[in-house]
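>>> what follows is a protein structure lacking sequence information:
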C-alpha cells in the first residue's frame, strides 16, 4: 500500500472520533465569548466614555508592543488563507458527507475557523478604538497578506500539517499571552484581558492538534516521525512571514516585526526552541517503538535539535532601534 493511501486510512480512522474532538476542544457558539463581550457597547449611553477610557489606558503601551499587536492582528485576519489551505489537505473532503456538510474533518476545520475568526475581529476593533494606529495601513497589509498566500511547506500531507498546527497554535498562545502580560504591566487591563482570552483559545487548539499527532504516532509511528523531522529540519514558517507594508515587497516587513517581538520578549528564538522541546516531551519521542531505520535516524536528529538550536539562538543579535512602521506613528506612541 502506498504512503498516501496509508495516510488516507489513518485520517479516516481519526475521523471516527471527530465529534469527540469537537466536543472536547471547541466550545458551542452560544456559550463561547464573542468580540462584543470585550469591548465598549455601541448601544450604551456610556459608549463614548468607555472608548475614552480605553484610549487612556492604551496611551501607556510602548511602540514595539503596538507593532507586535498589529502584526498579531494581521496574522489572525489572514484566516481565509489558513482555512482554504487546511481544507485542501489529503483526507479532508468538504464536499462529501450524507448531510452535505462534508466529512468529519471538514466539520472540524469549519468549527475551528469559526473560533479563530473571532480573534481578528476583536483585535481589529480594539486597534480601531484605541486611536493609536493607522488603520488604513493595517488594512492594506492584511489585504496583501491574503493576496500573497501562504505556504507552510506541508504540501497536502496531513501529518506535516498537524505538526505545523501543533507548533503554531502554541506559538500564538505564547505571543498573545506575553502581550497580555505586557499590557497589564503598562496598566492596560482591557487589552490584557483581550489577549489573555485569545491565548486561552490558542492553547485549546494546540492541545487538539497535538492529540491528532499523538494518535497518528500510535498507528503509523515511522511516517509520523519522519514528518515531524521534515518539518523541523525545514523550520516552521511563521504565518506572517510574507507580511509587507503598502508599497513594499512581499515579506519585507517580517524581519522588523520579528525584531520588535524579540526586543520586548513577546516571541523569541528561545521560545521556538522551548516549543520544540514541549512537543518532543508531549509526544514522548524518545519512547516510541517499532520505528524503521529512517525513522530512527529522524528521531535522533529531533532529540539533538533543541541543543543545536539553543546554540544558534544565543548568537542572534537584535537591533536596539525600532523600525518605523506605517502602521504605527511613533509620534503618538510612548
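Yes, it's here. On a predicted model such as this, the values are computed, not experimentally measured, just so you know. Numbering: from 1, shown residues only.
>>> give me the neighbour count for the nearest residue to residue 93 once chain neighbours are set aside.
Nearest non-adjacent residue to residue 93, counting by CB to CB, 6 or more residues apart in numbering: residue 103, 4.7 Å away. All C-beta atoms are positioned from the backbone trio N, CA, C, and that covers glycine. Other residues near residue 103 come to 19 when the count uses other CB atoms under 10 Å.
>>> how far away is residue 103 from residue 219?
Counting by CB to CB, to the nearest Å, the gap between residue 103 and residue 219 amounts to 19 Å.
>>> how far away from the center of its chain is the helix or strand residue 258 falls within?
In this structure, residue 258 sits in helix 254-263 according to DSSP states H and E. Counting by CA atoms, centre = their mean, to the nearest Å, helix 254-263 is centred 16 Å from the centre of its parent chain.
>>> what's the average pLDDT for it?
For helix 254-263, mean pLDDT is 94.
>>> could you say what helices and strands it packs with?
Helix 254-263 is packed against helix 63-77, with contacts defined by 3 or more CB pairs under 8 Å, 6 or more residues apart in numbering; DSSP states H and E.
>>> could you point out which element follows the helix it packs on?
Counting by DSSP H and E, what follows helix 63-77 is helix 79-86.
>>> can you count the residues close to the nearest residue to residue 3 once chain neighbours are set aside?
Once flanking residues are discounted, residue 3 sits nearest to residue 223: 6.4 Å by CB to CB, 6+ apart. Neighbour count of residue 223, defined by other CB under 10 Å: 21.
>>> what about residue 223, which SS state?
helix (DSSP: H, G, I helix; E, B strand; the rest coil).
>>> ranges for the helices of the chain?
3-15, 18-25, 47-58, 63-77, 79-86, 104-130, 135-148, 158-185, 189-219, 221-234, 254-263, 269-282, 293-314 (DSSP state H).
>>> and the first one, what other elements does it pack with?
In this structure, helix 3-15 makes packing contacts with helix 104-130, helix 158-185, helix 189-219, helix 221-234, judged by 3+ CB pairs under 8 Å, 6+ apart.
>>> wait, which of the helices of the chain is closest to residue 39?
helix 104-130 (5.6 Å; CB to CB).
>>> quick one: buried residues of that closest one?
Residues of helix 104-130 classed as buried by neighbour count (16 or more other CB atoms under 10 Å): 104-109, 111-113, 115-127, 129-130.
>>> ditto for stretch 189-197
Neighbour-count burial for stretch 189-197 [16+ other CB under 10 Å]: 190, 191, 192, 194, 195, 196, 197.
>>> got the contact list for it?
Stretch 189-197 has contacts (CB atoms under 8 Å, 6 or more residues apart in numbering) with 33, 38, 54, 57-58, 61, 69, 122-123, 126, 176-177, 179-181, 183-184.
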